[in-house]
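Undergrad: Sequence and predicted structure, then a few things I'm wondering about:
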There are 2 protein chains.
Amino acid sequence: MPLPFGSSTRHPAHTLHLVALSLTPFSRRRDLGERLRAGHDPASILHRVLSSGPLPPSLDRASLLARASTAVARAADCGLHLIAWDDASYPAALSVIADPPPVLWVRGNPAALAPRAVAIVGSRAGSPYGLAVAERLAADLAAGGIVVVSGLARGIDSAAHRGALAEKGTTVAVLGCGADVIYPAEHRELAQRIATDGAIVSELVPGTPPQKQFFPLRNRIISGLSRAVLIVEAGEKSGSLITARCALDQGRDVLAVPGNVLTGRNRGGHALLRDGAKIVESAVDILEELGLPPHGTHATSEPEDPVLAGLPAGESCDLDALAERTGLASSRLLPRLFELELAGLVRRVGGGRFTRV
Amino acid sequence: MPLPFGSSTRHPAHTLHLVALSLTPFSRRRDLGERLRAGHDPASILHRVLSSGPLPPSLDRASLLARASTAVARAADCGLHLIAWDDASYPAALSVIADPPPVLWVRGNPAALAPRAVAIVGSRAGSPYGLAVAERLAADLAAGGIVVVSGLARGIDSAAHRGALAEKGTTVAVLGCGADVIYPAEHRELAQRIATDGAIVSELVPGTPPQKQFFPLRNRIISGLSRAVLIVEAGEKSGSLITARCALDQGRDVLAVPGNVLTGRNRGGHALLRDGAKIVESAVDILEELGLPPHGTHATSEPEDPVLAGLPAGESCDLDALAERTGLASSRLLPRLFELELAGLVRRVGGGRFTRV
């Protein structure tokens, strides 16, 4: 497990500039992703950000660098890892989004920010059904070696984290406050368990308290770390719909679990399905969608059904012909054809004729 | 209300030939739809069917016509209407399918076989959720003037009939036995209520007992009478999936209500959604899908939101500019932008800029 950094010598000046950049108003960082990807120097990007218009006195270069130093020291004190933009461990998936965080603060295992990750997000007020589904799918994904990303919120998020942990899987929580500030506080123990093998992540400097406006921004990191975002129980105004939108903007898959249509709890998820999100019933659906089919699902070769064998491929056949070929009476044939039709192996083509699918 | 026919003079010979045709094996009637639509004489079609290959002695022309006469007499006795292919009241929607029934036997009101019909079908073992959804949607459709078609089966089918009746709507039950043979018997009273304004329909001559092979055939009539088929709670092997397949073959819409993914009760419906069926949460969804938007849903003109007003259409805007235009501090703006984003009125375009949707 990587050690938390211990001395400032391991963090050259431009890391401090990246931290300082993370302290500038989000609205000023329009070109940040492009400039970072183009290899611009953080100091020059910071200069550009600060000189692009009037800012409060607290946002001058010296103050920002001082706050950055303080943050780095605080992170060292509380054992947080700092992953800066140019660190090898900065997650590749996150580096390609329009607005990547200049730095990430990580409690736990930075290696958990792996490429095979799926986000599971949803309502804070999850129903027993929603919580059970989130936990089950997270457990099954974790058992399949997928990292489960979520937001440590009440309801669906924490059910997803718990599900992954139940399978001794790796899970990542992205916060809308400092990585050392656990919100909600009742999830302190859960956070501790997550950080054992997984990670608690934030782009906000240590000690940042939770604020309403941080949560939508946090959502772009949840989707940005993930190959797909799965929505479980999102009402019409659920914040998880913003995560879904971020995923679409970032070119990630959006998946949704259907549910009860009478409670309103799934209206957001169903709207996503209407707009083309993939419907998910099981972890296998997710793995297939991501091009990771589970093991052991190759076709088996069974002796062929006599009725099927009597239906030549590519042509339709009526009951009488089929009776002649198979030696079975219509009264035996019809129920069997019905079963084969249900199994999707035979298709009625009208006028009492059947064809093989 | 039309009277049941009373005398054989109202049923000329070719009606008897149509009834006789309905007694021939289904597998012999391959071209029936085409020939009927081409205006061929039922007697000549019957001749063709009977001479196309060996048949049991009981299926000679004279025996079939005798059975047809008996059926007509029996229908008159028990008050069933006979709607033959060339009757003006033969449902137009049904006349265009590949394999239309030559005749329909109707208990109740033949005018119920109306063009504005939607089928609701699903599991015989409906869960409380499935039954509640079927009943609710049927009631709402009935209230919107839509005829609800189903199969009088236990579970979802009967919930759909009951829902329509609860709104004093019209509902049609298509049976896999004679229209005078109520199956299952426990639905005798329900059938009575359906027949008051609606109709009990079968293509099988009066007195035909229910048989397994009739049910898949009956399903093509359920979909054939309807503009769309809505699946509520179909498991992986539900017979209602055959109705859905018939609907697709007939060019009718297939709709499905989502539900619990943990019980397996919705696996068939979810598979349809995966394959492109429309997701339905309410009767409004169905009416919209059929191009029948409900009344009173036109846009209202409300005074414009000041934050929205500050976002010029067609260009993106950052927080600082928006703060300047609206006179609102960022701390006020961000939560409001978040709300507008959730409402789908504003969109984050990366780099802290927002645009109006």
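TA: Great, that's in hand.

Undergrad: Quick check: the gap between the residue nearest the centre of chain A and A:V148.
TA: Closest residue to the average C-alpha location of chain A: A:A119 at 1.9 Å, with C-alpha atoms, centre = their mean. Shown here: A:A119 relative to A:V148, a distance of 8 Å by C-beta to C-beta, to the nearest Å. Glycine gets a C-beta too; all of them are placed from N, C-alpha and C.

Undergrad: Buried residues in the worst-scoring helix or strand of chain A on mean pLDDT, which are they?
TA: Least confident helix or strand of chain A, by mean pLDDT, DSSP states H and E, is helix A:330-342 with a mean of 76. The neighbour-count criterion (16 or more other C-beta atoms under 10 Å in any protein chain shown) identifies A:L333, A:L334, A:R336, A:L337, A:F338, A:L340, A:E341, A:L342 as the buried residues of helix A:330-342.

Undergrad: now swap in stretch A:135-154 and tell me
TA: Quick answer for stretch A:135-154 (16+ other C-beta under 10 Å): A:135-144, A:146-153.

Undergrad: my guess is the residue nearest to the centre of chain A is in a strand, correct?
TA: Yes - A:A119 sits within a strand when classified using DSSP: H, G, I helix; E, B strand; the rest coil.

Undergrad: my read: it touches A:S150, true?
TA: Yes - if you go by C-beta atoms under 8 Å, A:A119 and A:S150 touch, sitting 6.3 Å apart.

Undergrad: which element is A:V72 on?
TA: In this assignment (DSSP states H and E), A:V72 forms part of helix A:61-77.

Undergrad: How about A:D320?
TA: Here A:D320 is assigned to helix A:319-326, by DSSP H and E.

Undergrad: Just want the angle from the least confident helix or strand of chain A to helix A:319-326.
TA: Following axes from the mean of the first three to the mean of the last three C-alpha atoms, to 10 degrees, one obtains 100 degrees for the angle between helix A:330-342 and helix A:319-326.

Undergrad: How far does helix A:330-342 sit from its chain's centre?
TA: 44 Å (C-alpha atoms, centre = their mean, to the nearest Å).

Undergrad: at contact distance from chain B, anything in the helix or strand following it?
TA: Per DSSP H and E, helix A:330-342 leads on to strand A:346-350 as the next helix or strand towards the C-terminus. Yes - Strand A:346-350 comes into contact with chain B (C-beta under 8 Å from any C-beta of the partner chain), by way of A:R347, A:R348, A:V349, A:G350.

Undergrad: can you tell me which two in these are farthest apart?
TA: Within the residues of strand A:346-350 next to chain B, A:R347 and A:G350 form the most distant pair, 10.1 Å apart (C-beta to C-beta).

Undergrad: Mind pulling the model confidence for the closest residue in space to A:R116 that isn't next to it in sequence?
TA: Nearest non-adjacent residue to A:R116, counting by C-beta to C-beta, 6 or more residues apart in numbering or on different chains: A:I146, 5.4 Å away. On pLDDT, A:I146 comes in at 96.

Undergrad: what about A:I146, distance to chain B?
TA: Between A:I146 and chain B the computed distance is 18 Å (C-beta to the nearest C-beta, to the nearest Å).

Undergrad: Might you report the residue contacts of that residue?
TA: Applying C-beta atoms under 8 Å, 6 or more residues apart in numbering or on different chains, we find A:I146 in contact with A:R116, A:A117, A:V118, A:G169, A:I286, A:L287.

Undergrad: Could you check how far it is from A:V172?
TA: For A:I146, the distance to A:V172 - C-beta to C-beta - is 11 Å.

Undergrad: Then A:L334?
TA: 55 Å.

Undergrad: part of a strand, is A:A93?
TA: No - counting by three-state DSSP, one finds A:A93 to be helix, located in no strand.

Undergrad: residues near it, how many?
TA: For A:A93, the count of nearby residues is 19 (other C-beta atoms under 10 Å in any protein chain shown).

Undergrad: Now do the contacts for it.
TA: By C-beta under 8 Å, 6+ apart, the neighbours of A:A93 are A:P115, A:A117, A:G224, A:L225, A:S226, A:R227.

Undergrad: go on, A:S127?
TA: A:E233, A:N260, A:T263, A:R265.

Undergrad: can we see that at 10 Å?
TA: Residues near A:S127 by C-beta atoms under 10 Å, 6 or more residues apart in numbering or on different chains: A:V133, A:G155, A:I156, A:E233, A:G259, A:N260, A:T263, A:R265, A:N266.

Undergrad: phi, psi of it?
TA: When read as degrees, to the nearest 10, the backbone of A:S127 gives phi -80, psi 170.

Undergrad: Equivalent analysis for A:R267, please.
TA: Torsion angles, degrees, to the nearest 10, at A:R267: phi -60, psi -40.

Undergrad: Please tell me how far it sits from chain B.
TA: 7 Å.

Undergrad: Report how many residues lie close to that residue.
TA: Neighbours of A:R267 using other C-beta under 10 Å come to 20.
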